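A.B. asks: what's the 3D shape of this:
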Amino acid sequence: MSHPNWKRVVIKVGSALISPNKQGCSSHYLLSIAQFIVRCRANGTQVVLVSSGSVAAGAHLFPDHEKSNIAVKKAMAAAGQTEMIATWDRLFDFPSAQMLLTHADLRDRERYVSIRETIFSLLEHNVLPIVNENDTVTTDKLKVGDNDNLSAMVAAAADADALIICSDIDGLYNKNPHDHDDAELLKKVDTIDASIYAMAGGAAEGGVGTGGMRTKIEAAEKAVSHGIDTYIINGFTELSFNMLLAGKNPGTHFSPYDKPMLENVHWMRHTSNAQGEVIVDGDFDSSLENDSEQLTSSEIVDVKGEFSVGDTILVRKADGTKLVKAKSNYSSCLLNFIANQENDDFASEFEDKTGPIISDQHVANLEEE
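C.D. replies: Numbering: from 1, shown residues only. Down below sits the predicted model:
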């Protein structure tokens with residue numbers, strides 16, 4: 001790797017770094033991260049910061065017995081967010097901007113494009129975007145759930161060259177280094193498969209954050225498929241950031257795809273959520289990614305869930321084999337009606353007039369999963 005080649009980098013910082021003792025924000029670990037950001041910018045590299053920590057930062061303002069209450073957690077996030085942004089802002093002598101997102105924002109194509117445009121505009125004017133999930137308003141249905149995956153979605157939206165995910169250990173080990181003295185650090189991962197996920201285990205951040213090593217692997221998989229160099233590093237030591245600036249790998253480097261997914265296909269596969277399913281005949285076998293018109297109502301055996309025109313749907317076989325995620329040109333109600341017509345001529349004539357069932361523009365092939 002060679003750092004000067006980075007045009008744009010996303011760095012993800014977790015709750016354990018922001019508020020190690022849950023007593024508000026601490027700059028103890030953030031100083032070296034801020035210095036890294038300053039030096040990147042001095043080298044001509046644009047930076048987007050994804051920062052968790054609002055709930056942890058606001059926790060000290062609320063009695064312990066209330067902290068399991070969901071409404072109180074949202075209040076903790078609201079109070080902690082201002083302290084966290086103020087802490088970051090104090091560490092820089094250039095302007096920063098707050099961007100609070102939910103998964104609902106990211107999975108809606110129009111809002112996703114708007115987020116991209118905002119990030120690009122901030123960077124163009126030398127303002128540092130600081131992104132966090134909007135924990136104050138989000139619900140289980142609308143949230144990403146962890147800022148590791150959020151950082152990968154932001155890196156894709158920002159067309160970043162590199163994603164740096166800060167952890168409490170040096171990177172991905174072949175077994176949990178907290179439990180095994182003989183655990184070995186993997187310096188480079190070329191392919192993320194089941195064996196890599198097996199090494200990740202469960203959460204290992206002392207209960208401060210919501211992400212563990214597994215979510216970091218998920219994030220890395222999202223990022224590398226977009227052609228983004230991804231690193232998991234120890235965010236608690238300044239050496240990690242000095243090594244990155246020197247063009248060295250301080251942790252685990254995940255190699256990007258040689259042929260990255262197109263931006264709209266990546267969004268469809270990794271960011272957009274399927275609102276329903278279309279089940280096709282078991283004998284149906286064609287690459288919908290290249291020719292969406294091959295999916296006709298005569299191939300459909302069932303429609304699951306409720307969705308509207310423009311929503312993302314999953315097309316799969318009855319045995320569970322996933323074919324594609326795609327944008328539907330029909331509502332579930334209309335698709336059910338057409339698919340249940342015994343007269344095939346009616347269905348084909350209707351499709352001839354109204355167009356294909358799914359959109360060519362947004363199709364993500366899932367058959368290799």
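A.B. asks: do you know the pLDDT at Ser308?
C.D. replies: Listed pLDDT for Ser308 reads 89.
A.B. asks: cool, Phe94 as well?
C.D. replies: For Phe94, the model assigns a pLDDT of 96.
A.B. asks: and it, how many neighbours?
C.D. replies: 11 (other C-beta atoms under 10 Å). Backbone N, C-alpha and C define where each C-beta goes, glycine included.
A.B. asks: quick one: it from Lys188, how far?
C.D. replies: The spacing between Phe94 and Lys188, counted by C-beta to C-beta, to the nearest Å, is 34 Å.
A.B. asks: kindly report the same for Asn242.
C.D. replies: With distances taken as C-beta to C-beta, Asn242 is found 20 Å from Lys188.
A.B. asks: for the stretch 251-369 of the chain, give me the ranges with low pLDDT.
C.D. replies: Applying pLDDT under 70 to the stretch 251-369 of the chain flags the ranges 283-294, 342-354, 360-363, 367-369.
A.B. asks: that one: strands as residue ranges?
C.D. replies: 252-254, 276-280, 300-304, 312-317, 322-328, 358-365 (DSSP state E, counting those that start in this stretch).
A.B. asks: please identify the most buried of the ones you listed.
C.D. replies: Mean neighbour counts were compared across the strands of the stretch 251-369 of the chain using mean count of other C-beta atoms under 10 Å; the top stretch is strand 252-254, at a mean of 25.
A.B. asks: that strand pairs with which strands?
C.D. replies: strand 188-189 (parallel), strand 229-234 (antiparallel) (DSSP bridges).
A.B. asks: so which of these is nearest Ser332?
C.D. replies: strand 229-234 (36.6 Å; C-beta to C-beta).
A.B. asks: grab the longest helix from the protein for me.
C.D. replies: Ranked by residue count and defined by DSSP state H, the top helix of the chain is helix 70-90.
A.B. asks: who's Lys322 bridged to?
C.D. replies: Arg316.
A.B. asks: circling back to that earlier point, just want to know which of Asn242 and Lys188 has more residues nearby.
C.D. replies: Neighbour tally, Asn242 and Lys188, criterion other C-beta under 10 Å: the higher count belongs to Asn242, 15 against 10.
A.B. asks: just confirm the more buried one is within a helix.
C.D. replies: Yes: Asn242 sits within a helix when classified using DSSP: H, G, I helix; E, B strand; the rest coil.
A.B. asks: excluding chain neighbours, what is closest to Lys67?
C.D. replies: Leaving out its chain neighbours, the residue that sits closest to Lys67 by C-beta to C-beta, 6 or more residues apart in numbering is Ala59, at 6.5 Å.
A.B. asks: what's near enough to touch Asp161?
C.D. replies: By C-beta atoms under 8 Å, 6 or more residues apart in numbering, the residues touching Asp161 are Asn5, Trp6, Lys7, Arg8, Val9, Ile228, Asp229.
A.B. asks: repeat that with 6 Å
C.D. replies: Listed by C-beta atoms under 6 Å, 6 or more residues apart in numbering, the contact set of Asp161 reads Trp6, Lys7, Arg8.
A.B. asks: over to it: give its phi and psi.
C.D. replies: phi -90, psi -30 (degrees, to the nearest 10).
A.B. asks: so it versus Leu49, what's the distance?
C.D. replies: Distance from Asp161 to Leu49, by C-beta to C-beta: 16 Å.
A.B. asks: ditto for Val303
C.D. replies: 42 Å.
A.B. asks: cool, Asp105 as well?
C.D. replies: Taking C-beta to C-beta, one finds Asp105 at 18 Å from Leu49.
A.B. asks: and what of Pro20?
C.D. replies: Counting by C-beta to C-beta, the gap from Pro20 to Leu49 is 18 Å.
A.B. asks: if you count what's nearby, which of these two comes out ahead?
C.D. replies: The neighbour count for Pro20 versus Leu49, taken as other C-beta under 10 Å, is higher for Leu49 (23 against 17).
A.B. asks: give me the element the residue nearest to Thr215 when sequence neighbours are not counted is part of.
C.D. replies: Residue nearest to Thr215 in three dimensions, not counting chain neighbours: Asp148, with 4.1 Å by C-beta to C-beta, 6+ apart. If you go by DSSP states H and E, Asp148 is part of helix 147-157.
A.B. asks: roughly how far is that helix from the heart of the chain?
C.D. replies: 4 Å (C-alpha atoms, centre = their mean, to the nearest Å).
A.B. asks: what do you get for stretch 50-58?
C.D. replies: Centroid separation for stretch 50-58 versus its chain: 17 Å, with C-alpha atoms, centre = their mean.
A.B. asks: which residues are contacting that stretch?
C.D. replies: In contact with stretch 50-58 (C-beta under 6 Å, 6+ apart) are residues 12-15, 18-19, 22, 24-25, 73, 76-77, 79-81, 83-84, 130-132, 135, 147, 151, 154, 208.
A.B. asks: ok, now which ones touch Thr271?
C.D. replies: Leu106, Arg107, Met153.
A.B. asks: still on that earlier bit, compute the inter-axis angle for whichever helix or strand comes after the helix holding Asp148 and strand 229-234.
C.D. replies: Sequence order places strand 162-167 as the next helix or strand after helix 147-157, per DSSP H and E. Taking axes from the mean of the first three to the mean of the last three C-alpha atoms, to 10 degrees, one finds strand 162-167 and strand 229-234 inclined to each other by 20 degrees.
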